[in-house]
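Student: pasting the sequence and the predicted model now:
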Amino acid sequence: MKTIVYKEASRGHANHGWLDTHHTFSFANYYNPERIHFGALRVLNDDRISGGEGFSMHPHDNMEIVSIPLAGTLEHRDNMGNVAVIGQGEIQVMSAGTGLFHSEYNKDSDIEARFLQIWIFPKEKNTTPRYSQISLVDIARTDVLYQIVSPNPEDEGAWIGQDAWFHMGDLSQGWKGSYTLRKSGSGVYFFLLDGRVRIAENILESRDGLGVTDADAIEIESLTSSRILVMEVPMNW
């Protein structure tokens, strides 16, 4: 088993006034040659958007884009005709494929919106773009790593165009368990949203990350009430 720890304070940071963002991997004006990606995981941005502000219409192509709201609401619009509002307890996936344009704005004028913006390299390039949005209300469970993203459209969670599986864990203090990898050759990136956990003998605190490779199963212990995002991605694709 190989591990690499990304501490919260080591992330790239930019404050544009309306947008306060932290970058786990190189993005925009933040460049670290040792932090380009973790396997197919290319971007993990921890964004805060001021009330009424947001990203104007802009393009993407050949990328799987996952948005996970943590607080507030975001209004999404795209050139495929989709207009939607997403908030905490929901998840959005865009398969950009051959190309699309979209915008994201904080729907509330006086409440900060917070969300994770995650980019995954696709399994296949130049596919037909698509948009999906699901609620996690019927999926979320306490003290279970529940699946929120998978490569199989008939499985629980949102469908992504890559052999990637995302799980969320809302864990009580003292919970112990493990994550078993779905596919040989994959790696797992853990991102701790809140709390304190021990994973593969590494202690993580809020907003710390941990990449694990060359493992079949990974032990997890929640040292406090914790919330964690688990992302299994191919290391080669």
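Tutor: Everything's here; your move.

Student: just say helix, strand or coil for the nearest residue to Val43 once chain neighbours are set aside.
Tutor: Once flanking residues are discounted, Val43 sits nearest to Trp119: 3.6 Å by CB to CB, 6 or more residues apart in numbering. In this view, the C-beta of every residue, glycine as well, is placed from N, C-alpha and C. Recorded secondary structure, Trp119: strand (DSSP: H, G, I helix; E, B strand; the rest coil).

Student: contact partners for the residue nearest to the spatial centre of the chain?
Tutor: When CA atoms, centre = their mean is applied to the chain, the residue found nearest the centroid is Ile118 (4.4 Å). Contact analysis of Ile118 by CB atoms under 8 Å, 6 or more residues apart in numbering lists Leu41, Val43, Leu44, Asn45, Ile65, Val66, Ser67, Ile68, Met231.

Student: and with 10 Å instead?
Tutor: By CB atoms under 10 Å, 6 or more residues apart in numbering, the contact set of Ile118 is 24, 41-45, 64-68, 93, 149, 160, 164, 166, 189, 191, 229, 231.

Student: cool, Leu171 as well?
Tutor: 142-145, 177, 194-195, 197, 220-228.

Student: the nearest residue to it once chain neighbours are set aside pairs with what?
Tutor: Setting aside the residues directly before and after it, Leu171 is nearest to Ser222 in space (CB to CB, 6+ apart), at 3.8 Å. Ser222 forms beta bridges with Val197, as assigned by DSSP bridges.

Student: Ser222 and Phe190: what is the separation?
Tutor: Ser222 sits at a distance of 12 Å from Phe190 (criterion: CB to CB, to the nearest Å).

Student: between those two, which contacts overlap?
Tutor: Gly169, Val197, Ile199, Ile228.

Student: give me the number of residues near the first one?
Tutor: Right, the one you point to is Gly169. 26 (other CB atoms under 10 Å).

Student: quick revisit: hmm, which of the contacts of Leu171 are the buried ones?
Tutor: Buried by 16 or more other CB atoms under 10 Å: Leu145, Gly195, Val197, Ile220, Glu221, Ser222, Leu223, Ser226, Arg227, Ile228, out of the contacts of Leu171.

Student: run through the bridge partners of the closest residue in space to Asn106 that isn't next to it in sequence.
Tutor: Nearest non-adjacent residue to Asn106, counting by CB to CB, 6+ apart: Ala113, 4.2 Å away. Assessed by DSSP bridges, Ala113 has beta-bridge partners Ile49.

Student: gap between Ala113 and Ile86?
Tutor: Distance of Ala113 to Ile86, computed by CB to CB: 10 Å.

Student: between these two, which one's more packed in?
Tutor: Set Ala113 next to Ile86 and count neighbours by other CB under 10 Å: Ala113 wins out with 27 against 23.

Student: read off the pLDDT value for Asp138.
Tutor: In this model, Asp138 is scored at 89, pLDDT.

Student: next one: the one 4 residues further on
Tutor: Per-residue pLDDT puts Thr142 at 97.

Student: I'd say it and Trp175 touch.
Tutor: Yes: using CB atoms under 10 Å, Thr142 is in contact with Trp175, at 9.1 Å.
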